[in-house]
Every structure is written in structure tokens, then in C-alpha cells.
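Trainee: Sequence and predicted structure below; questions after.
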Amino acid sequence: MWVYVEQNRISMGILERLLNLLRHKKKEVNVIVIGLNNSGKSTVINHFKNEDSRTTDIVPTVGFNVEKFRNQNIGFTAFDMSGQGRYRDLWEHYYKGCHGIIFVVDSSDKLRLVVVREELELLLQHPDICYQSIPILFFANKMDLPEALSSVKIASALGLERVSDKPWHICTSNALTGEGLQEGIEWFTQQMRESMNKFGK
């Protein structure tokens, strides 16, 4: 009887450890990072990487870069897309299979906000995006510049109030100092976790 109880206790202990491992299993997601050139996309992503793997010199992205970082036990593979006009057609090739979008906006570049809005509308109308409830995180970047617009004004200029079929969040940021970035990535990570729990991933 004692042997049976002891074996049962050991089995339950192993089962409990396995369940804990599954519960805390590392999750992996693919995200695309888009925005016009010189908005600060690569600098934003660079901030999320481990200190020992960060780049000291950020150069304009040609085509796209693939970066990896972790937050709250979720592994992110980020496709950092070039925002130059001739490369924006590449964006749509990475919509399929992405779990979320990080859209970086230069909040001091008022002249090109119309272009940002056009690109956002093309994104939202794309067949690989329009039928999915994937989260979109907006960074109103370069908040430190005197001519920078507030996140409320950026949201209004982009017509974000009309986006009702996808969770979205906008926050002001300064990618050079990291200000505002953690708030955004915490929201984004929570959305990823909720989505994975919903679909049992």
C-alpha cells in the first residue's frame, strides 16, 4: 500500500512538472514592422533586443531585416521592412502568417502623414489582413522633437477611430531614449498572449 501511494505521488509530481513546462512553454510569433523611411523602425526594434546584440550604428534598411527579441516569455521574429517608396510593395508579401503589426510613425513629419494614412488604408484593405483580427501597435515616434504631434492628433490624422475590427493601440515614443516603447510592447505582448490562448497555440 505504501509503495503504491509513493509511486502515485511521484507520478503526480512528474505530471505537475510537465504541465508547468507546457504552461510556460516559450511561444513564438511573427510580426512585421512597417512605416515610412526615417520613422525610426529599426531603432525601435533595436531597443527591444538584448543589450549584447544591439546595434550601435543604425543604417537605413534596404529591403528588410529579420530581427529577434523576447518579451514576457514570447519570442518575436520581427520583419523590419524598408519604408522607402520603391520597397513598400514588399510589405504585402509578409502579411500572410504574421501575428501582429508594429506601425512606426514619425510624429514630426506632418507633410507625409497623408502618405502614412494611404499606406495604412492599403494595409487594412489587403485580403491577408482585412479578415483577421490581428493587433496593430502604433508608435508616434520622435516625440522629443518640438514639431511632434501628440498621439491623439496622429490617431485622428490616420483615422484610427474607424478601425473597429482589430485591436490597436497608439503611444508616443522616443526610440533613441526608449521612452514609451515599453508601454507599447507590453500591450502588444498581452494581445499576442490572448490571441494564442484563444486559438490554443
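Mentor: Perfect, thanks for sending it.

Trainee: Please make it C-alpha for all contacts and neighbour counts, starting now.
Mentor: Will do.

Trainee: do you know how far residue 108 is from residue 67?
Mentor: Noted for residue 108: a distance of 26 Å to residue 67, by C-alpha to C-alpha, to the nearest Å.

Trainee: higher neighbour count, these two?
Mentor: More crowded of residue 108 and residue 67, by other C-alpha atoms under 10 Å: residue 108, with 21 against 15.

Trainee: residue contacts, that one?
Mentor: Counting by C-alpha atoms under 8 Å, 6 or more residues apart in numbering, residue 108 makes contact with 142-143, 145-149.

Trainee: And for residue 74?
Mentor: By C-alpha under 8 Å, 6+ apart, residue 74 lies in contact with 26-29, 189.

Trainee: how many neighbours does the closest residue to it other than its chain neighbours have?
Mentor: What sits nearest to residue 74 in space, not counting adjacent residues and going by C-alpha to C-alpha, 6 or more residues apart in numbering, is residue 27, at 4.8 Å. Residue 27 has 15 neighbouring residues, counting by other C-alpha under 10 Å.

Trainee: quick one: residue 27 from residue 68, how far?
Mentor: 13 Å.

Trainee: Find the residues that touch each one of these two.
Mentor: Here residue 27 and residue 68 have residue 75 as joint contacts, going by C-alpha under 8 Å, 6+ apart.

Trainee: circling back: take the contacts of residue 74 and write them to a markdown table, including pLDDT, distance to residue 47 and secondary structure.
Mentor: Listed next are these as a markdown table, based on pLDDT from 0 to 100; distance: C-alpha to C-alpha, whole Å; DSSP: H, G, I helix; E, B strand; the rest coil:
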| residue | pLDDT | distance to residue 47 | secondary structure |
| --- | --- | --- | --- |
| 26 | 59 | 21 | coil |
| 27 | 86 | 20 | strand |
| 28 | 90 | 19 | strand |
| 29 | 93 | 18 | strand |
| 189 | 95 | 15 | helix |
